[in-house]
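*Asks:* need a structure here:
(6 chains)
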6 protein chains.
Amino acid sequence: MNPPVKTAEVLLEALPYIRQFSGKTIVIKYGGAAMEQADLKEQFALDVVLLRFVGIRPVIVHGGGPQIGALMKRLGKEAQFIGGMRVTDEETVEIVEMVLVGKINKAIVGLINHHGGRAVGLSGKDGNLILAQRRPHRLPSGEEIDIGLVGEVETVNPEAISLLEERGFIPVIAPVGVGRNGETYNINADLVAGDVAAALHAEKLIHLTDVPGIKDAQGTLVSHLSRPDAERLIAGGIIDGGMLPKVESSLRALKGGTAKAHIIDGRVPHAILLELFTREGVGTEIVL
Amino acid sequence: MNPPVKTAEVLLEALPYIRQFSGKTIVIKYGGAAMEQADLKEQFALDVVLLRFVGIRPVIVHGGGPQIGALMKRLGKEAQFIGGMRVTDEETVEIVEMVLVGKINKAIVGLINHHGGRAVGLSGKDGNLILAQRRPHRLPSGEEIDIGLVGEVETVNPEAISLLEERGFIPVIAPVGVGRNGETYNINADLVAGDVAAALHAEKLIHLTDVPGIKDAQGTLVSHLSRPDAERLIAGGIIDGGMLPKVESSLRALKGGTAKAHIIDGRVPHAILLELFTREGVGTEIVL
Amino acid sequence: MNPPVKTAEVLLEALPYIRQFSGKTIVIKYGGAAMEQADLKEQFALDVVLLRFVGIRPVIVHGGGPQIGALMKRLGKEAQFIGGMRVTDEETVEIVEMVLVGKINKAIVGLINHHGGRAVGLSGKDGNLILAQRRPHRLPSGEEIDIGLVGEVETVNPEAISLLEERGFIPVIAPVGVGRNGETYNINADLVAGDVAAALHAEKLIHLTDVPGIKDAQGTLVSHLSRPDAERLIAGGIIDGGMLPKVESSLRALKGGTAKAHIIDGRVPHAILLELFTREGVGTEIVL
Amino acid sequence: MNPPVKTAEVLLEALPYIRQFSGKTIVIKYGGAAMEQADLKEQFALDVVLLRFVGIRPVIVHGGGPQIGALMKRLGKEAQFIGGMRVTDEETVEIVEMVLVGKINKAIVGLINHHGGRAVGLSGKDGNLILAQRRPHRLPSGEEIDIGLVGEVETVNPEAISLLEERGFIPVIAPVGVGRNGETYNINADLVAGDVAAALHAEKLIHLTDVPGIKDAQGTLVSHLSRPDAERLIAGGIIDGGMLPKVESSLRALKGGTAKAHIIDGRVPHAILLELFTREGVGTEIVL
Amino acid sequence: MNPPVKTAEVLLEALPYIRQFSGKTIVIKYGGAAMEQADLKEQFALDVVLLRFVGIRPVIVHGGGPQIGALMKRLGKEAQFIGGMRVTDEETVEIVEMVLVGKINKAIVGLINHHGGRAVGLSGKDGNLILAQRRPHRLPSGEEIDIGLVGEVETVNPEAISLLEERGFIPVIAPVGVGRNGETYNINADLVAGDVAAALHAEKLIHLTDVPGIKDAQGTLVSHLSRPDAERLIAGGIIDGGMLPKVESSLRALKGGTAKAHIIDGRVPHAILLELFTREGVGTEIVL
Amino acid sequence: MNPPVKTAEVLLEALPYIRQFSGKTIVIKYGGAAMEQADLKEQFALDVVLLRFVGIRPVIVHGGGPQIGALMKRLGKEAQFIGGMRVTDEETVEIVEMVLVGKINKAIVGLINHHGGRAVGLSGKDGNLILAQRRPHRLPSGEEIDIGLVGEVETVNPEAISLLEERGFIPVIAPVGVGRNGETYNINADLVAGDVAAALHAEKLIHLTDVPGIKDAQGTLVSHLSRPDAERLIAGGIIDGGMLPKVESSLRALKGGTAKAHIIDGRVPHAILLELFTREGVGTEIVL
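*Replies:* Modelled structure (predicted):
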């Protein structure tokens, strides 16, 4: 408990930021440590509820986590890889969907509601929110291979999200897409977040990661990263792995009309509030 | 394909019923064969989409199915029973939630959308839709036992359903409730359907079952069953097993303001349309 | 009475069409046998009520009929013709208005309401719905003659129609126009229907006639008639008489933003439903 | 043309009355000389348009007139009377409807619109506005006789009127009712006006007549007439003939929630404006 | 009190004008004798209330008056002039604000409300209605001098005015502006009226003055004054002094989208009603 | 500037309170040191803007201050007292109004707007917000005396306040009332605040004072004061002077439907935020 006067001071320091984001949509890609450590989970839920009560509209897109692998293992389902990519057959995508939609999504919804918010979970199937198609994969050899039901966003139909947002609900989205023939696709959550942010013309897209941000070749944290710089760092292999889709997602959001995109360190307690409500900001801002 | 003139005739025979239910909410408890046989599933989805397009508001509550048992078995989770009741520990309720919310609910949503509807799935956690508490169980000996996370509805918060209904969406509800401390409860879907119907002041509650309706002691189908008759048949053990919660659900819905409650045979193709749009109706109507 | 299962099948065959026209305005020019034969009249009223209840917005424009001639005859008013055109003096237009607005319109409104619709009759005077001016007539000799109060639409003020449509009423319009000085004009109902369809940006204009559609020089029914073909058939005298204003009306509606225009056989029972709800359609579609 | 300063003075004298009736509904029974003399007709239309533009909501109910008799005569239809009451067979009611709805109503609508208002005519059939039933007639001998399709109001469904009023239209109602089997009834316009005023909870009901108001046994104009006084004057035969339904209508309106009811002299130019906008008022006010 | 029939006649003469301005905003610059003489003040308040009740939307902008000078004198504050311009220091602007906002504005609001209107006073500070900046002053020598807190309108934020107008209130605006640093500016009321008219896209701007209108070099009243003529009369010194800002204000309003601008004689009783509701109009109309 | 993490912590401690007051109206009586010390003024403005941005609806009622006396003195107006009460003649009430409405109110409005709020000032004359009457004064001798234009609230017409609140404005009210004859009344601001809170069914009424709260006979701060206790303390002379109207105001607000009333120490920085957003609260809560 802080001394009361401190409370007032701090609230007022946050005022200019509250004013700035009042009524705006902030899409948050939720994942990593912030989704796994008990204390960080509580803090995340509180942050999101706070945003909603001070008049900001958070929309959450979450990823998967160790639970998918755990369930697959328990079910004796062995992972298959071709050229380093996981082959996703129908049984796999069913497990993925069960865990993402029936377990992780519900846990997040429950946690937010437990802290006084009014979250509603959505999968990409609900209201045809995320129409998806097969994502083509190309081996380094140039050969294109079929790795199954891994999708990419074709269209986002944001009507259900907007409806919920307008009435004070907090939408929580699982990165599952639906194909033209009703088939289920597992989609990278980072990319879903970017396309959702674009479809909602969000004010901000925030990626919660497990690193302090993007670093350059010298290992220095980059606070503003432009598209050409990003492309250079990618070409040079400095940005790679899990950071690649976050950068791609950010650039797609910006091109689609989102005002700002950030990659921040979700291991820092209340990283979202720090990004939104303090002067310094945290992590790396991607710039078109 | 029917001859065109027949088409017109049939449509017009349905007109008085369409008029009668125009703008009204119909809660449908979906389960049994209608949820398992491929052809009946397609017919159900089409029926629901048709209702919505002719101006009626269907709300679906679905049950579980063999998938829960199948997954439990694959996970090596053995069912425990005390006094005939399944003991539901935390791991069990997690599996139940994953299957209900992440698999069955999504399959129904996908099927309806594939036929041109706009379904959105909801679990009882979404928007705190179903606040639940532990359902007390009493052995025949009178002893009360703890069988774990089996819940009963405490309150239905129908705001999210109403919101979706008003904008043309079809809500599809999984019978999972959330307790005051955030814990997950597995609830009998029949009872959820009755309480949702009451909370929405629905025009009708329809239970899809795998029998033609309720039969009396002589084995004759009862087309209208009053509360005292129901109580007599229950006392006499004529109504028992899975039919008990359907009757209880119907009576609760009627007391809560639902106009009519029906138990019909979901194995009949398009049973919902037949109940709503033809003179005879089908199955048993429960009367207060 | 059809067997119940047939009912369901047929309703579902109609579903794609119901979905397609949901919320759309369909302007129907009502006349000919469909307005005179008792059974066809009933069927027409039922068809219109059905459309409204499945979420489509019918707007009716009706013509006159033998009643006008009958009343004129009883009143000893002799028809005068110049160059084949009926001369419409003030007394004639008064009789026309009385029969159209006070008898035919009211009979249609009453019939629709008797079948559960909520029709409201409008004349072109109501809310200045149809502002009209004298329609110039030219003899084959090229000489222009005055044949009195025969008008053509100058402007349609559709506000009253839209208002009624939005609240679930079915507007029924008598083809009477009002001039700038308050004078009454008798206007060809086919032409009124086309201009009303254009003003409402209707989805469809349907002309009910007493022939199967438009035939070409060989007497073959034309299922799609383009503007150049129409002009050729008119020039060749193949399209003439009462069919001319229907084709003109259809072309005007299409130019004004109506998506489709049809000339169909009103003697076929439930011709409207067949046109809207079955794959084949009926009669001739006019194409820009 | 008045001197400008006079204009301002007079407008301001009217201000307290404009304020008082702002947004209120005034039902006007229109008939008699005011509906037959050219100058009074113009003045009536202007008065009504003025009311609408200063924010008051006039609703007109008109009666028949000499035109009905004239048409019947021209059609060789002889009036039949039993016990002094006109027998109204189906042919008669058809003529009445044609003249009321197709001629008189349209002439009033046209006149109001010509002076800048936006009138819409309605018959009791439109939107089932006036549901009617046979009005029983009893001879002085006590014997009840059937005089045909003379009706009395059973229910007023004012939705179409309210809809039009709210959007600035002026509803003009012809006193024709529709029975449960779709049959047409001729109804006394005074009584329709009273029931419409009650259904709309009108602020005022004004009957335009051809006398200065109600006179007592001494022939003195009564400015306020209470129900008991009215009953006494009726019992004494002082109020009789055409004045009887006006008094009955007024009492029904007052009982139904109308604030005030007046019987005024429609032969006085601008009698409506004088009643509403000057201190003295004119004619007789009926009091519950 | 006028004879009742006269009342009706006069109201009807005003009808075309009431119709024309129905729902339109009229900005009135109120000042001069009309703000000082007791009888003219009453008449002004009545005129404004009448406008509002007949469906027109008056917005008042008032000036100062002798009260400012009187209070300054009583406070021993001596006026300072440089090059003929009053130097407005902080103490002066405070006195000006107190008198304009706390005395004159409230007296006008009170008077209008006393006559049945619902006026609400606004200063340029309320809702940041008038953002202002220092108005530069240049001596005839070309030298620019600082005469203190005399402002000019930078931006009008009309939201609060529109909000009040829509709900039937009459906004009354004091010509005080607020600078970017919160400082108070005294602004010429004529100019404020013009900018408010432009911001509201008013139908009319009316300046009440103490002269019959603008006169040309020959002393003849000009009924329509074009921009080039105005510029010529200004260059020739014929328009000067207090008339200059009225002409400037009118031209700014017209350029900003106001349809008409008038300079009329506020000493004539009910000058506003005469301008709006009679054929001749009064004073000078400024034309772009 | 606080360390970022502190910021997050403090915001979250405030969350339960923000949630509790979300969408609720809080009436704040503003006066004393908080209205005179530069730093406290800034803090007050910031607090109020913060409330608005986190979704709470502050309504300010301010009192007078030393400026009234100062202006009276400068104007050579000597205060007259009878029985300890200031005699308020017409000239005095004019000065009071000028200072309250034209100076203090505008300064508060300006300050709030300068910090990013959208305040609109209202006097009790605006929209007839505060209808007032003469407040009777009785000498200890029992003799009633006339001390002039000191009023008490007769009715609050809160429509203008509600209108402004709903659209995000912050109403700031000067305690001036208007009598039935248009006369101006000076009213105790504490009492105005209580009646405004009652009229708005506010969630809270907060009085900012220059003492820590109400003390009992022993000089101990009372944290909850019931009506009987208040009456006892008043009878015993423990509550007296300027505290009396604050207690009366609080009791009136509570009786009128306000949920809570507080008397707090406005000299404490950010006293409003501390009262609303921290557990302890500050000062004395009055309880019915």
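*Asks:* who's in contact with the spatially closest residue to residue A:183 that is not a sequence neighbour?
*Replies:* Using Cβ to Cβ, 6 or more residues apart in numbering or on different chains and skipping the chain neighbours, the partner closest in space to residue A:183 is residue A:149 (6.6 Å). (C-beta placed from N, C-alpha, C; glycine too.) Contact analysis of residue A:149 by Cβ atoms under 8 Å, 6 or more residues apart in numbering or on different chains lists A:88-90, A:92-93, A:134, A:183-186.
*Asks:* run the chain-centre distance for whichever strand or helix holds residue A:272.
*Replies:* According to DSSP states H and E, residue A:272 maps onto helix A:271-277. How far helix A:271-277 lies from its chain's middle: 15 Å, per Cα atoms, centre = their mean, to the nearest Å.
*Asks:* so what secondary structure elements neighbour that helix?
*Replies:* Here helix A:271-277 touches helix A:4-21, helix A:38-53, strand A:204-209, strand A:260-265, helix F:4-21, going by 3 or more Cβ pairs under 8 Å, 6 or more residues apart in numbering or on different chains; DSSP states H and E.
*Asks:* rewinding a little: so which of the contacts of residue A:149 sit within strands?
*Replies:* A:134, A:184-186 (DSSP state E).
*Asks:* and the residues you listed as JSON lines, adding distance to chain B?
*Replies:* Output for the ones in strands among the contacts of residue A:149, formatted as JSON lines (distance: Cβ to the nearest Cβ, whole Å):
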{"residue": "A:134", "distance to chain B": "17"}
{"residue": "A:184", "distance to chain B": "7"}
{"residue": "A:185", "distance to chain B": "12"}
{"residue": "A:186", "distance to chain B": "13"}
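*Asks:* pull out the buried members of those residues.
*Replies:* Taking 16 or more other Cβ atoms under 10 Å in any protein chain shown as the criterion, what is buried in those is A:184-186.
*Asks:* now, among those residues, which is nearest to chain F?
*Replies:* The closest of those to chain F turns out to be residue A:186 (Cβ to the nearest Cβ; 33.5 Å).
*Asks:* who touches that closest one in this structure?
*Replies:* A:88, A:92-93, A:96-97, A:149-151, A:175-176.
*Asks:* low-scoring stretches of the stretch 1-150 of chain A, by residue?
*Replies:* Counting by pLDDT under 70, the stretch 1-150 of chain A contains low-confidence ranges at A:1-5, A:83-85.
*Asks:* around chain F, pick out the residues from it.
*Replies:* A:1-2, A:4-16, A:18-19, A:22, A:43, A:46-47, A:49-50, A:53-55, A:116 (Cβ under 8 Å from any Cβ of the partner chain).
*Asks:* the closest residue to residue A:249 other than its chain neighbours: which element?
*Replies:* Sequence neighbours aside, residue A:194 is the residue nearest to residue A:249 in space, at 3.1 Å (criterion: Cβ to Cβ, 6+ apart). Residue A:194 is part of helix A:189-199 when elements are defined by DSSP H and E.
*Asks:* can I get the buried ones among the ones in strands among the contacts of residue A:149 in CSV including pLDDT?
*Replies:* Shown next, in CSV, are these (pLDDT from 0 to 100):
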residue, pLDDT
A:184, 97
A:185, 96
A:186, 95
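*Asks:* let me know the closest of those to chain C.
*Replies:* Distances from chain C to these, taken by Cβ to the nearest Cβ, are shortest for residue A:184, at 24.2 Å.
*Asks:* the closest one: what's its closest spatial neighbour, skipping adjacent residues?
*Replies:* Nearest to residue A:184 is residue A:93, by Cβ to Cβ, 6+ apart, at 5.1 Å.
*Asks:* so how many other residues sit close to the one you found?
*Replies:* For residue A:93, the neighbour count with other Cβ atoms under 10 Å in any protein chain shown is 19.
*Asks:* any idea how far it is from chain F?
*Replies:* Per Cβ to the nearest Cβ, to the nearest Å, residue A:93 is found 38 Å from chain F.
*Asks:* what residue in chain A comes nearest to chain D?
*Replies:* For chain A, Cβ to the nearest Cβ, closest residue to chain D: residue A:166, 26.4 Å.
*Asks:* local confidence estimate at that residue?
*Replies:* What the model reports for residue A:166 is a pLDDT of 95.
*Asks:* okay, now the closest residue to chain E within the stretch 151-288 of chain A: neighbour count?
*Replies:* Ranked by Cβ to the nearest Cβ, the top residue of the stretch 151-288 of chain A for proximity to chain E is residue A:166, at 21.5 Å. Neighbours of residue A:166 under the rule other Cβ under 10 Å: 10.
*Asks:* now do residue A:82
*Replies:* 13.
*Asks:* how about it: what's its closest non-neighbour residue?
*Replies:* Once flanking residues are discounted, residue A:82 sits nearest to residue A:145: 5.6 Å by Cβ to Cβ, 6+ apart.
*Asks:* state whether the one you found and residue A:135 are indeed in contact, as I suppose.
*Replies:* No: using Cβ atoms under 8 Å, residue A:145 is not in contact with residue A:135; the gap is 11.5 Å.
*Asks:* between the two, which is the more surrounded one?
*Replies:* The neighbour count for residue A:145 versus residue A:135, taken as other Cβ under 10 Å, is higher for residue A:135 (18 against 14).
*Asks:* what secondary structure does the nearest residue to the more buried one once chain neighbours are set aside sit in?
*Replies:* Computed as Cβ to Cβ, 6+ apart, the closest residue to residue A:135 that is not its neighbour in sequence is residue A:152, at 4.0 Å. With DSSP: H, G, I helix; E, B strand; the rest coil as the basis, residue A:152 sits in strand.
*Asks:* list the contacts for residue A:152?
*Replies:* Taking Cβ under 8 Å, 6+ apart, one finds A:132-135, A:187, A:191 in contact with residue A:152.
*Asks:* now swap in residue A:131 and tell me
*Replies:* If you count contacts by Cβ under 8 Å, 6+ apart, then residue A:131 has A:124, A:153-157, A:177-180 around it.
*Asks:* what does the host helix or strand of residue A:177 contact?
*Replies:* Taking DSSP H and E as the criterion, residue A:177 maps to strand A:176-178. When contacts are defined by Cβ under 8 Å, 6+ apart, strand A:176-178 is touched by residues A:96-97, A:100-101, A:123-125, A:128, A:130-132, A:151, A:153-154, A:184-187, A:192, B:106, B:110, B:113.
*Asks:* residues from the stretch 51-200 of chain A in reach of chain B?
*Replies:* Close to chain B, as judged by Cβ under 8 Å from any Cβ, the stretch 51-200 of chain A has residues A:74-76, A:94, A:97-103, A:105-106, A:109-111, A:113-114, A:118-123, A:125-128, A:159-160, A:163-164, A:167, A:169, A:176, A:178, A:181-182, A:184.
*Asks:* could you redo the last one with a cut-off of 6 Å?
*Replies:* Within the stretch 51-200 of chain A, the positions adjacent to chain B are A:74-75, A:97-98, A:101-103, A:106, A:109-110, A:113-114, A:118, A:120-121, A:123, A:125-128, A:160, A:163, A:167, A:178, A:182 by Cβ under 6 Å from any Cβ of the partner chain.
*Asks:* okay, now the unreliable bits of the stretch 151-288 of chain A?
*Replies:* Low-confidence segments of the stretch 151-288 of chain A, defined by pLDDT under 70: A:281.
*Asks:* mind putting the ones in strands among the contacts of residue A:149 into JSON lines with distance to residue B:205?
*Replies:* Below are these laid out as JSON lines (distance: Cβ to Cβ, whole Å):
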{"residue": "A:134", "distance to residue B:205": "41"}
{"residue": "A:184", "distance to residue B:205": "31"}
{"residue": "A:185", "distance to residue B:205": "35"}
{"residue": "A:186", "distance to residue B:205": "37"}
